[in-house]
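Asks: What follows is a protein structure lacking sequence information:
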């Protein structure tokens, strides 16, 4: 009986942490508008919300967080840099700044500097790579096919979440969207294969996707040239290299070296995704990280109960 009770308890504990299904895309970096695993470099543009970068941040004639959408909540961080900060002209506004290395500011106001680092960069990098891989392994519930010079996106008709597997070549040469069997407001996850990701040099209009919760998962890409997007971008192995255009949503890349403007709208909304298992760092995206102390207390309680039962039988 004690063995059965112990096994049941372990199953219950495991069931709460082993199968993470809530995808809260930017939670590991506090809801930042953009996260670069390594360096962030840009000129003559802006990110309207908070920025987190694991490496150096090198910017000029640039604005960060003008729309006061801090990482890590209100009165949080406009910028978190694991390495050095170099800013020549521009502004970092409406929030604190943490810099792990040195800071060099020229022709720019000094923001409120914070000693505390709210990001575990190693865990975040590992988590996002695991997320991209896990999403790419989900079964498709819809299809993306060629339709004249554009693409047709056909969903399951059930709403909720639809998963699409598509080659980057198809998107690279498309000029329009045709949407079929989609429910307004549902989540669309596009798993985009290929070592390079692009959207027809910005020629395709993303306005038809404005009413959906959209994520483009470039799970294999080493480089991306992504612009004109309404939706969020997950590309943890890639460098963004485009030099004009706009992304409306969250962005996760390995390295940012681009003048593309990133707007603080169409953030990815947290959603349950059936069958998704996020094993890197527990369910970090949904906050359901198992607490070792709690597990230890339960096991200790079971052990105590077993001892008490044995004493009663021996009496």
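Replies: Okay, I see it. Just so it is clear, the structure is predicted and the values come from calculations on it, not from any experiment.

Asks: Quick check: residue 168 touching residue 193?
Replies: Yes - in this structure, residue 168 is within contact of residue 193 by CB atoms under 8 Å, at 6.4 Å. C-beta: built from backbone N, CA, C; applies to glycine.

Asks: show me where this protein has helices.
Replies: 2-15, 121-136, 168-172, 292-314 (DSSP state H).

Asks: Show me the shaky parts of this protein.
Replies: By pLDDT under 70, the low-scoring segments of the chain are 1-20, 202, 279-315.

Asks: Let me see the domain layout of it.
Replies: Here the domain assignment for the chain is 2-16+290-314, 22-272, based on automatic domain parsing.

Asks: which stretch among those domains comes nearest residue 278?
Replies: Nearest to residue 278, of all those, is domain 22-272, at 5.8 Å by CB to CB.

Asks: Wait, residue 76 touches residue 65, no?
Replies: No - contact criterion CB under 8 Å: residue 76 and residue 65 do not qualify, at 9.8 Å.

Asks: Quick check: neighbours shared by the two?
Replies: The contact sets of residue 76 and residue 65 overlap at 50, 95 (CB atoms under 8 Å, 6 or more residues apart in numbering).

Asks: more neighbours, those two?
Replies: Per other CB atoms under 10 Å, whichever of residue 76 and residue 65 has more neighbours is residue 65, with 28 against 20.

Asks: For that one, give its distance to residue 183.
Replies: The gap separating residue 65 from residue 183 is 34 Å, by CB to CB, to the nearest Å.

Asks: Over to residue 89?
Replies: Applying CB to CB to residue 89 and residue 183 gives a distance of 46 Å.

Asks: now swap in residue 128 and tell me
Replies: From residue 128 to residue 183 the distance is 28 Å (CB to CB).

Asks: again, but for residue 100
Replies: 44 Å.

Asks: ok, back up a step: who has more neighbours out of residue 128 and residue 183?
Replies: For residue 128 versus residue 183, neighbours defined as other CB under 10 Å are more numerous around residue 128 (26 against 15).

Asks: end to end, how far does stretch 96-116 reach?
Replies: 10 Å (CA to CA, to the nearest Å).

Asks: Tell me the buried residues in that stretch?
Replies: 96, 97, 98, 99, 100, 105, 108, 111, 114 (16 or more other CB atoms under 10 Å).

Asks: same thing with stretch 197-214?
Replies: Neighbour-count burial for stretch 197-214 [16+ other CB under 10 Å]: 197, 198, 199, 200, 202, 204, 205, 206, 209, 212, 213, 214.
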